[in-house]
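Novice: 3D model of this:
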Amino acid sequence: MAGTWRLGDRTVNRMGLGSMRLTANPDTGVAIRVLRRAVELGVDHIDTAAFYRTPGGIIDAGPGPVRHATELIRAALRPYPNRVFIATKVGPDRRPDGRWAEADTPARLRRQVEENLRRLGVTTLDLVNLRITRQIPAQALAERFGALADLRAAGLIRHLGLSNITAEQLDVAAPIAPVVCVQNAYSVDLRRDDDLLRICRERGIAFVPFFAIAGRQREAGAAGEQSGALRRVAARHGVTEHQVRLAWTLHRGPHVLAIPGTGDPAHLEQNIAAAGLALTGADLAEIDAAG
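Specialist: Take a look at the predicted model:
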């Protein structure tokens, strides 16, 4: 499983599971099987959010009963094994008119925390990441992170993290409460946060990339020359390009935790197998040179 890293007061395997895609399949039994199989295979770090839901959430798979990733996790795993660490996030807020906004007040953030507690069926959240936009003023960030720090002091949250941030924003939040992880978009072909990744390693903070598989295709629609290098490396090892992307991600540092999402049992097995893929120095150089 590519080793372990400390996430707050817990040690977790570096290959985890993202839950965003679990809601896409109307057959919730498949999602439950994926979650249980992941834990059987050693996954002990699961990433989620109350706004991971269908329809009306981040992934809108069309009509049907509302499916919440947090409730699928609860149905699959509760009572939770002691070793399972669930990270959730707050910030994005779907308003009654359907528009996305931000939970920008202590009251709204508390409501989101309480929704996560209720849907997961727990009294304390292992980790809450504050998801923000990179444009918000430092004072606004301090107020929002401070509101979560108050909920941590009240016992509703054990650990805090940040998502979609800059190094400067990390410096704003860190004096308010310990930051145990940073969750940003990062992949083979989306590497604007190389400096932030280094800073996190220096400070002992877990760096948790999202879009590690989709990469720039998710943000801009093209993988470019990088794809050719990935195909060649994948062919040499007899694996998929997606597995090479995940292995490359884990090679970026011992503090990097992968959370690939899937609602497909076969893809789950492939993702977890990627944790054991040992890329050579030549492989890494070829991939980096293509970037």
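
Novice: This structure: strands as residue ranges?
Specialist: 4-7, 10-13, 17-18, 45-47, 53-54, 67-68, 85-90, 92-94, 100-102, 125-131, 157-163, 179-183, 206-207 (DSSP state E).

Novice: Just the buried residues of the second one, please?
Specialist: Read that as strand 10-13. Using 16 or more other C-beta atoms under 10 Å as the test for burial, strand 10-13 gives Arg10, Val12, Asn13. In short, each C-beta sits where N, CA and C put it, glycine included.

Novice: how about these in a markdown table, adding distance to Glu115 and pLDDT?
Specialist: Listed next are those as a markdown table, based on distance: C-beta to C-beta, whole Å; pLDDT from 0 to 100:
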| residue | distance to Glu115 | pLDDT |
| --- | --- | --- |
| Arg10 | 23 | 96 |
| Val12 | 24 | 98 |
| Asn13 | 28 | 98 |
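
Novice: hmm, back to that, Serialize the strands of the chain to JSON lines and add fields for distance to Gly261.
Specialist: As requested, these are exported to JSON lines (distance: least, C-beta to C-beta, whole Å):
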{"stretch": "strand 4-7", "distance to Gly261": "18"}
{"stretch": "strand 10-13", "distance to Gly261": "16"}
{"stretch": "strand 17-18", "distance to Gly261": "3"}
{"stretch": "strand 45-47", "distance to Gly261": "8"}
{"stretch": "strand 53-54", "distance to Gly261": "13"}
{"stretch": "strand 67-68", "distance to Gly261": "14"}
{"stretch": "strand 85-90", "distance to Gly261": "13"}
{"stretch": "strand 92-94", "distance to Gly261": "16"}
{"stretch": "strand 100-102", "distance to Gly261": "19"}
{"stretch": "strand 125-131", "distance to Gly261": "15"}
{"stretch": "strand 157-163", "distance to Gly261": "15"}
{"stretch": "strand 179-183", "distance to Gly261": "13"}
{"stretch": "strand 206-207", "distance to Gly261": "17"}
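
Novice: Mind checking those for the one nearest to Ala31?
Specialist: Among these, the nearest to Ala31 by C-beta to C-beta is strand 67-68 (7.8 Å).

Novice: Can you tell me the strand partners of the closest one and which way each runs?
Specialist: strand 53-54 (antiparallel) (DSSP bridges).

Novice: picking up where we left off before, and which of the buried residues of strand 10-13 is nearest to Asp47?
Specialist: Val12 (11.0 Å).

Novice: So that closest one is in contact with His45, correct?
Specialist: Yes - with contact defined as C-beta atoms under 8 Å, Val12 counts as touching His45 (4.1 Å).

Novice: Find residues that contact each of the two.
Specialist: Residues within reach of Val12 and of His45 at once, by C-beta atoms under 8 Å, 6 or more residues apart in numbering, are Phe85, Leu257.

Novice: circling back to that earlier point, Ser227 is nearest to which of the strands of the chain?
Specialist: Short answer: strand 17-18, nearest of the strands of the chain by C-beta to C-beta, at 22.2 Å.

Novice: For the closest one, name the packing helices and strands.
Specialist: The helices and strands touching strand 17-18, judged by 3 or more C-beta pairs under 8 Å, 6 or more residues apart in numbering; DSSP states H and E, are helix 28-40, strand 45-47.

Novice: so of the ones you listed, which one's packed in deepest?
Specialist: Compared across the helices and strands packed on strand 17-18, strand 45-47 shows the largest average neighbour count, a mean of 27 (mean count of other C-beta atoms under 10 Å).

Novice: Tell me which strands that strand pairs with, and in which orientation.
Specialist: Strand pairing for strand 45-47, determined by DSSP bridges: strand 17-18 (parallel), strand 85-90 (parallel).

Novice: right, and the helices and strands packed on strand 17-18 - which one's nearest His237?
Specialist: Nearest to His237 among the helices and strands packed on strand 17-18 is helix 28-40 (22.9 Å), distances taken as C-beta to C-beta.
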